[in-house]
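> just need the structure, nothing else, for what follows:
(one chain, ligands or ions: 1)
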Amino acid sequence: MADEKTFYITTPIYYPSNKLHVGNSYTTVAADAMARFKRMTGYRVWFLTGTDEHGQKIQRQAEGAGKSPREFVDEIVAWIKELWEELDISYDDFIRTTEPRHMEKVAKNFTRYYEQGDIYKDKYEGWYCTPCEAYWTERQLEECKCPDCGRDVELITEEAYFFRMSRYADRLLAHIEANPDFILPVSRKNEMINNFLKPGLEDLCVSRTSFDWGIPVPFDDEHVIYVWLDALSNYITALDYGEENSKFDIFWPADVQLIGKDILRFHTIYWPIFLMALDLPLPKTVFGHGWLMLQEGKMSKSKGNAVDPRVLAARYSSDALRYFLLREIPFGQDGIFSLESFINRINTDLANDLGNLVSRTLTMAERYFDGVLPQPAGSEETSDKELREMALQTPGLVEPLMDELKLGDALAELWQLVRRSNKYIDENTPWALAKDESKKERLGTVIYNLIEAIRFISVMLQPYMPRTPERIWPQLRIAERKDLQSFESLASWGGMVPGTVVERGEDLFPRLNLQAEIREMQGDPPAEISDDPEKPEQQDGLINLDHFQEVDLRVARIKAAEKVPKSDKLLKVALELGPGEERQVVAGIAQYYEADELEGKLVLFVANLKPVKLRGVLSQGMLLAATDDQGNLTLTTVDRKIKPGSRIS
Ligand code: MSP
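Numbering: from 1, shown residues only. Below is the predicted model:
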């Protein structure tokens, strides 16, 4: 169809020299969210990823592993494909640069460049480090030695093919300046112009003779094609560029090429010039995102489980990992990846905000209406109107943010709706309405609106967390209702059909114990309780807000208390934390309080302590109490009446 909207998005193709870490997965998860979003909003999408398999480094690593390069890469590529499956990466094509469909076209393009004078043969002169098998320019040497290994280098002259970059430099500069979206974020564009284009482009050596794991130069088999010329071409060879009626005709130029900032120069200088020389249009946007770092510096595979995306996805779910990657770091900037911040995000955004919204709402629907979705009243109160309006506005706010590749901001916008829905529960106190038969209709409206808001949220979650909507929809009984899962269905409020029998399912994201996770995954104490004198937190005794927020402090209502047998210090206390949520704690307060004077008190409670047994009795948290130096103790309470379960922050 001529007026069909298309969207072509690519990731870098990864070196299968090692398994990937969570930093590498970042681009691919972001590209996947974009691809899914565009599909959901009616585009015909092509999403390409793959592996960059040639080059000296891979050849050497294969030798080191006692394998042929082919065997070596096959194993890692299989691992990478499994990773993408586990992270729900919905790519349309996976290109390997060792596939004939790619190699043949790269060779053909090389010949064309040569025939039209873009590539010429010349002598290459450079300082060669034999152990590293690497050439260096005079400027790159450090004290006349190899900058990598520090050993002696020798001046070597050999034949090589060169690409006449200078021929296209002015055109490229003009293109970059005339197309403000070509290199994003903008800061990176200036870096490319000032550091590389303005000082003048040198011709690029595009062949190698020192190894043979590459695409041979078709008319000179002493040489293999430089790995970047080979690799960059994947974005068009995978579309069958050069063939009749190919995907290339439909999808090129790419709409978005996502890459890490470290390979921006290759993608915004070499790549456009290679394309210009083929008379092809340039990609609309090349977006260089920032890096995921560890607190201690660069990420590497040797950091083990804590950076292994497959381990993280298996333990915490791929949706949680995807959410964290997309939400935590503003796309474009560098950010810190830590297990702590990951677990905290799971506990706050996924367990407290989203998970609680779904489980509270469905519990109430079951409790008050046997799960039968009530008919909402014809009239609206202010909170109903606000919730409905926000739900209807959110898709329109998310879409332009996605177009600007502000994935984290788009998720933040969606979470405003999640939080607004939770606030709606607090404003309308369904448990209070349920006590009054005359408020039954109002209660029905509140439950209906909440279920409809959850539907809105679940639909919009799809691109970022594809598995979660599939866990929510059966609870809303809309697993088969494709019409109610579509983005278009969010154009109007009220899609959920009264009378539908909804059913609470398992909790979406159970809360995690941070310390236990860190111990389990890293095998050592978390940074903030280590005695590392370098840590500022330890030096001044201060903690930051994140640390405080790890404690889930709540108001609890004491339902009953009794003495723990054979103990004169302990009371067993039954607590209510909101509708249907009960806990039991064992508190060392028997010398200060009689069991029967406690009933009805609103006390402060730590809700996320790991359960323990005291005198054989289960204790699921801790009551807060103040003690003075005279040995007096008082339970801490609240100043005014507030409903059990309220958070203290
Ligand atoms: N093979 C080339 C790309 C060729 S594209 C025609 C390559 N491969 S890579 O495997 O080394 O890197 C792939 C991508 O992972 C790059 O975009 C790089 O920026 C990204 N990342 C590597 N470590 C990263 C982080 N720690 N954080 C975010 N991205 C990271 O380069």
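
> run through the stretch 101-250 of the chain and note the low-pLDDT ranges.
Along the stretch 101-250 of the chain, the parts satisfying pLDDT under 70 run over 133.

> near the ligand, which residues of it are found?
Within the stretch 101-250 of the chain, the positions near the ligand by Cβ under 6 Å from any ligand atom are 231, 232. (C-beta placed from N, C-alpha, C; glycine too.)

> and the residue of the stretch 101-250 of the chain closest to the ligand?
residue 231 (3.9 Å; Cβ to the nearest ligand atom).

> what sits against the closest residue to residue 155 other than its chain neighbours?
Setting aside the residues directly before and after it, residue 155 is nearest to residue 127 in space (Cβ to Cβ, 6 or more residues apart in numbering), at 5.9 Å. Contact analysis of residue 127 by Cβ atoms under 8 Å, 6 or more residues apart in numbering lists 135, 136, 137, 138, 140, 141, 146, 153, 154, 155, 156.

> helix, strand or coil: sort out residue 127 for me.
strand (DSSP: H, G, I helix; E, B strand; the rest coil).

> what does the chain put close to the ligand?
Counting by Cβ under 6 Å from any ligand atom, the chain sits next to the ligand at 12-15, 23-24, 26-27, 52, 231-232, 259-260, 262-263, 291-292, 299.

> quick one: least confident helix or strand in this protein?
helix 536-540 (a mean of 38; mean pLDDT, DSSP states H and E).

> what residues are bridge-paired with the residue nearest to residue 155?
residue 136, residue 155 (DSSP bridges).

> give me phi/psi at the residue in the chain positioned nearest to the ligand?
Nearest to the ligand in the chain, going by Cβ to the nearest ligand atom, is residue 260, at a distance of 1.6 Å. Main-chain dihedrals, residue 260, degrees, to the nearest 10: phi -80, psi 160.

> just give me the neighbour total for it.
Look at residue 260: counted by other Cβ atoms under 10 Å, it has 18 neighbours.

> next, the contact list for it, please.
By Cβ under 8 Å, 6+ apart, the neighbours of residue 260 are 12, 26, 27, 288, 289, 290, 291.

> how far away is it from residue 334?
In this view, residue 260 and residue 334 are 10 Å apart by Cβ to Cβ, to the nearest Å.

> do the same with residue 157
Taken as Cβ to Cβ, the span from residue 157 to residue 334 is 41 Å.

> kindly report the same for residue 605.
39 Å.

> go on, residue 607?
Distance from residue 607 to residue 334, by Cβ to Cβ: 34 Å.

> looking at those two, which is more packed in?
Neighbour count, other Cβ under 10 Å: between residue 607 and residue 334, residue 607 has more, with 20 against 12.

> which residue sits closest to that one, ignoring its sequence neighbours?
That would be residue 552: by Cβ to Cβ, 6+ apart, it lies 4.3 Å from residue 607.

> now residue 596
In space, residue 596 is closest to residue 561, 7.4 Å off (Cβ to Cβ, 6+ apart).

> ok, now residue 16?
Per Cβ to Cβ, 6+ apart, closest to residue 16 is residue 76, 3.8 Å.

> check which helix or strand covers that neighbour.
According to DSSP states H and E, residue 76 maps onto helix 69-86.

> against which helices or strands is that helix packed?
strand 44-51, helix 56-64, strand 93-96, helix 309-316 (3 or more Cβ pairs under 8 Å, 6 or more residues apart in numbering; DSSP states H and E).

> tell me the buried residues in stretch 441-452?
442, 443, 444, 445, 446, 447, 448, 449, 450, 451, 452 (16 or more other Cβ atoms under 10 Å).

> the last one against residue 391, yeah?
Yes. Counting by Cβ atoms under 8 Å, residue 391 is a contact partner of residue 452 at 7.4 Å.

> okay, and the common contacts of the two?
Common neighbours of residue 452 and residue 391 (Cβ under 8 Å, 6+ apart) are residue 493.

> list residues touching both of residue 260 and residue 334?
Shared contacts of residue 260 and residue 334 (Cβ under 8 Å, 6+ apart): 290, 291.

> just the buried residues of the contacts of residue 127.
135, 136, 146, 153.

> touching, the last one and residue 141? I think so.
The one in question is residue 153. Yes. Judged on Cβ under 8 Å, residue 153 makes contact with residue 141 at a distance of 6.6 Å.

> which SS class is the residue nearest to residue 596?
Per three-state DSSP, residue 561 ends up strand.

> repeat for residue 258
Taking three-state DSSP, the label given to residue 258 is strand.

> would you map out the domains in the chain?
As assigned by automatic domain parsing, the chain contains the domains 338-491, 522-549, 552-649.

> the ones you listed: which one's closest to residue 276?
Residue 276 lies closest, by Cβ to Cβ, to one member of these: domain 338-491, at 24.6 Å.

> compute the first-to-last residue distance for that closest one.
38 Å (Cα to Cα, to the nearest Å).

> what of stretch 218-234?
18 Å.

> ok, now stretch 605-625?
Using Cα to Cα, the two ends of stretch 605-625 sit 9 Å apart.

> could you give me the average pLDDT of that stretch?
Averaging pLDDT along stretch 605-625 gives 85.

> pull out the buried positions in that stretch.
By 16+ other Cβ under 10 Å, the buried positions in stretch 605-625 come out as 605, 606, 607, 608, 614, 619, 620, 621, 622, 623, 625.

> same question, stretch 466-482
Result for stretch 466-482 [16+ other Cβ under 10 Å]: buried residues 466, 467, 468, 469, 471, 472, 473, 475, 476, 477, 478, 481.

> could you identify the most distant pair in these?
Maximum distance among the buried residues of stretch 466-482 (Cβ to Cβ): 19.8 Å, for 466 and 477.

> quick one: low-confidence parts of this structure?
Checking the chain against pLDDT under 70 turns up 1-2, 133, 300-306, 523-547, 629-631.

> repeat that for 50
Residue ranges of the chain with pLDDT under 50: 525-541.

> geometric centre of it: which residue is closest?
Geometric centre of the chain, nearest residue: residue 325, 2.3 Å, by Cα atoms, centre = their mean.

> pretty sure the residue of the stretch 101-250 of the chain closest to the ligand contacts residue 50?
No. The criterion here is Cβ under 8 Å, and residue 231 misses it with residue 50 at 9.3 Å.

> common neighbours of those two, please.
When contacts are counted by Cβ under 8 Å, 6+ apart, residue 231 and residue 50 are jointly contacted by 13, 97.

> residue 376: how many residues sit nearby?
22.

> over to it: give its phi and psi.
Backbone geometry at residue 376, expressed as degrees, to the nearest 10, gives phi -70, psi 150.

> let me know whether it touches residue 444 as I believe.
Yes. Between residue 376 and residue 444 a contact is recorded at 6.6 Å, counting by Cβ under 8 Å.

> list the contacts of residue 611.
Here residue 611 is in contact with 618, 619, 620, 621 (criterion: Cβ under 8 Å, 6+ apart).

> how much space between residue 375 and residue 589?
Residue 375 is 49 Å from residue 589, by Cβ to Cβ.
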